[in-house]
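Asks: Got a predicted structure here, sequence first:
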Amino acid sequence: MTSIRVALLTVLTALAAVGAVLLPAPSAGAAASLEPVTGFGSNPGALKMYRYAPEGLPAGRPVVVVLHGCTQDAAGYGPGSGWTELADRWGFSVVVPEQQSANNASRCFNWFQTGDSSRGQGEASSVAQMVDRQLADASGDAGRVYVTGLSGGGAMAAVMMAAYPDKFAAGGIVAGIPYGCAQAAGSPFVCLSVGATQTPKQWGDRVRAAYPGHTGPWPRLTVVHGSADTTVKPVNMGDLVEQWTDVHGADQRPDVSDTVGGHPHQVFKGPDGSGVVETYSITGMGHGQPVDPGTGAEQCGTAGAYLLDVDLCAAYRLGKGWGLG
């Protein structure tokens, strides 16, 4: 039993690095902008739900689910990443799930646990129930629901895209991990440091197996990752590309290769010619969420620990790609 406890503590310590984002204390205004919601479903994952909607938001508007990293909370990451700011600017509502220390000592979403990363179970089911509640309360557009997250939250965004492809039109993974990596690699820590050895088809099969009954379109994917990230190695961006191009029936060659804000940018198109996977490799950036504080049309977010001012706001790029702007 002692060896098991030691191994568990070792894994938890490693997982704390996944999205171990210590945000500056949110201002009172930022914290007050998020509304807690209870009674949103059976909540088998025992998560908390917070949301933000601009005053007077009309019916039929999109919903964006924003997932924090380990050690973070909703009040810090929702505004800090720029998503609540963009909700005011573009007119959509935001759902911010929050992990509890009773579920994970480092407040990581349990993306690596089968019971929390499978359709109809645990934390994945809780997030899906939050989406249903928000769509009902806001009379939102069920065809324009999106999910994004940083690091451990990015890994959980991959879970939601795979387990609930019928709920999400697209996803944005920032410094995250492919769906099923922990099972493929045998350890979540291996995913962080070296990734898993899988062919594109093997990666894609993991997504297809998450909801075998799915017959509709698959969510589009955008990946943002720092080229100098030593916490979640950039190999994970390549693995995500392989996974989701295979799911969409696209090849591994980018159809667009250019730069955005001085950073390499690629687009992979599906058989119908539309972009299905997009990547932004942020040159020289370590582990964190790219932000670009300011009042300009393309600016958003608040700089801080692991909220990295690189003159490119990831939330803006994701939202524009999804047609929110």
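Replies: Received the coordinates, thanks. Quick caveat, the model's predicted, so the values are computed rather than measured.

Asks: Spell out which helix or strand contains Ala75, please.
Replies: helix 74-80 (DSSP states H and E).

Asks: Output that helix as CSV, restricted to C-alpha atoms.
Replies: C-alpha atoms of helix 74-80 as CSV (Å, rounded to 0.1, in the frame of the first residue of the first chain):
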residue,chain,number,x,y,z
ALA,A,74,-13.2,30.0,-12.9
ALA,A,75,-13.0,33.6,-11.7
GLY,A,76,-9.4,33.9,-12.6
TYR,A,77,-9.2,32.1,-15.9
GLY,A,78,-12.5,33.1,-17.5
PRO,A,79,-11.7,36.9,-17.5
GLY,A,80,-7.9,36.5,-17.6
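
Asks: what's the spacing between that helix and its chain's center?
Replies: Remark: helix 74-80 is offset 14 Å from the chain centroid, using Cα atoms, centre = their mean, to the nearest Å.

Asks: Let's see the pLDDT reported for Ile4.
Replies: On pLDDT, Ile4 comes in at 33.

Asks: The one 3 residues further on now?
Replies: In this model, Ala7 is scored at 39, pLDDT.

Asks: What confidence value was assigned to Tyr306?
Replies: At Tyr306, pLDDT is 83.

Asks: That one and Gly288 touch, don't they?
Replies: Yes: between Tyr306 and Gly288 there is a contact under Cβ atoms under 8 Å: 3.7 Å. Every residue, glycine included, has its C-beta placed from N, CA and C.

Asks: Please identify which of these two sits among more neighbours.
Replies: Gly288 (26 against 22; other Cβ atoms under 10 Å).

Asks: Relative to Thr71, how far out is that one?
Replies: In this view, Gly288 and Thr71 are 13 Å apart by Cβ to Cβ, to the nearest Å.

Asks: what does Gly284 give?
Replies: 24 Å.

Asks: the more surrounded of these two?
Replies: Neighbour count, other Cβ under 10 Å: between Gly284 and Thr71, Thr71 has more, with 21 against 9.

Asks: Surely the more buried one and Ala105 touch.
Replies: No: look at Thr71 against Ala105 with Cβ under 8 Å: they stay out of range, at 10.0 Å.

Asks: Extract the CA atoms of stretch 137-152 and return them as PDB.
Replies: Provided in PDB are the C-alpha atoms of stretch 137-152 (Å, rounded to 0.1, in the frame of the first residue of the first chain):
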ATOM      1  CA  ASP A 137     -31.500  29.400 -20.000                       C
ATOM      2  CA  ALA A 138     -30.100  31.600 -22.700                       C
ATOM      3  CA  SER A 139     -32.100  30.200 -25.600                       C
ATOM      4  CA  GLY A 140     -28.700  29.700 -27.200                       C
ATOM      5  CA  ASP A 141     -27.900  28.300 -30.600                       C
ATOM      6  CA  ALA A 142     -27.200  24.600 -30.100                       C
ATOM      7  CA  GLY A 143     -25.400  24.600 -33.500                       C
ATOM      8  CA  ARG A 144     -22.800  27.100 -32.300                       C
ATOM      9  CA  VAL A 145     -21.400  25.700 -29.100                       C
ATOM     10  CA  TYR A 146     -17.600  25.700 -28.700                       C
ATOM     11  CA  VAL A 147     -15.100  24.400 -26.100                       C
ATOM     12  CA  THR A 148     -11.600  25.500 -25.200                       C
ATOM     13  CA  GLY A 149      -9.100  25.200 -22.400                       C
ATOM     14  CA  LEU A 150      -5.500  25.600 -21.300                       C
ATOM     15  CA  SER A 151      -3.200  22.700 -20.500                       C
ATOM     16  CA  GLY A 152      -5.200  20.300 -18.300                       C
END
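
Asks: Quick one: distance of that stretch to the chain centre.
Replies: 10 Å.

Asks: tell me the average confidence for it?
Replies: 98.

Asks: for the record, mean pLDDT for stretch 274-289?
Replies: Mean predicted lDDT for stretch 274-289 stands at 97.

Asks: Likewise for stretch 312-325?
Replies: Here the average pLDDT along stretch 312-325 is 97.

Asks: And stretch 168-188, by the same measure?
Replies: 97.
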